[in-house]
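Student: Build me a model from this:
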Amino acid sequence: MLFTSSSLLTHLLIPTVHKFLLKSNAVKKNFRGEIIITCMGIVLVPVVIFCFSIAAVFLILQHSILLIFLCGVLSISFAGIIDDLLGENLTSGFKGHIGYLIKGKLTTGGLKAVIGGFIAGFISLISSNSIYEVAINTL
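Tutor: A predicted model of the protein is given here:
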């Protein structure tokens, strides 16, 4: 049920969001020099909220777990939007951004990686039973 509804909603939203972003000139050159639309990840936010609403009503899950996960998804989505809108083309890929971080330089992609790590650590910390589980779940 959740897979089907999320797939259908995503399928319906992508063309509309794509047109909206194209009209708003939310484009950049990718690492190959091709013009691509940025911020398509925003489709994830309404889909996740919709699916979590369905899960909260129809599945026997602790609402606190759903809310914690939803906060994590929204936080990393926000970091992704920052990266898409403000990011420079200094480097690309996880390895490139981590390389810059090691050199003491922060890119928006590096910021997204750091925020993602903190989110994963926080969620793991409050949902794991041992320090070993926290480490594994964070990774």
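Student: Report the residue ranges of every domain in this protein.
Tutor: Domain ranges of the chain: 1-61, 62-139, per automatic domain parsing.
Student: Tell me how far the one helix or strand in the chain whose mean pLDDT sits lowest lies from the chain's centre.
Tutor: Sorting the helices and strands of the chain by mean pLDDT, DSSP states H and E puts helix 93-102 at the bottom, at a mean of 74. In terms of C-alpha atoms, centre = their mean, to the nearest Å, the centre of helix 93-102 is found 18 Å from the chain centre.
Student: right, and the helix or strand after that helix?
Tutor: Later in the chain than helix 93-102, the nearest helix or strand by DSSP states H and E is helix 108-127.
Student: on contacts alone, who are the packing partners of that next one?
Tutor: helix 63-86, helix 93-102, helix 131-138 (3 or more C-beta pairs under 8 Å, 6 or more residues apart in numbering; DSSP states H and E). Yep, even glycine has a C-beta here, placed from its N, CA and C like the rest.
Student: buried sites along the last one?
Tutor: When neighbours are counted by 16 or more other C-beta atoms under 10 Å, the buried residues of helix 131-138 are found to be 134, 138.
Student: Give me the angle between it and helix 108-127.
Tutor: 140 degrees (axes from the mean of the first three to the mean of the last three C-alpha atoms, to 10 degrees).
Student: now what about helix 131-138, what contacts it?
Tutor: 117, 120-121, 123-125, 127-128 (C-beta atoms under 8 Å, 6 or more residues apart in numbering).
Student: related to what we said a few turns ago, among the domains of the chain, which is the most enclosed?
Tutor: domain 62-139 (a mean of 15; mean count of other C-beta atoms under 10 Å).
Student: Residues in a beta bridge with Ile35, which ones?
Tutor: Under DSSP bridges, the beta-bridge partners of Ile35 are Lys29.
Student: right, and it touches Val27 too?
Tutor: Yes - with contact defined as C-beta atoms under 8 Å, Ile35 reaches Val27; the gap is 5.3 Å.
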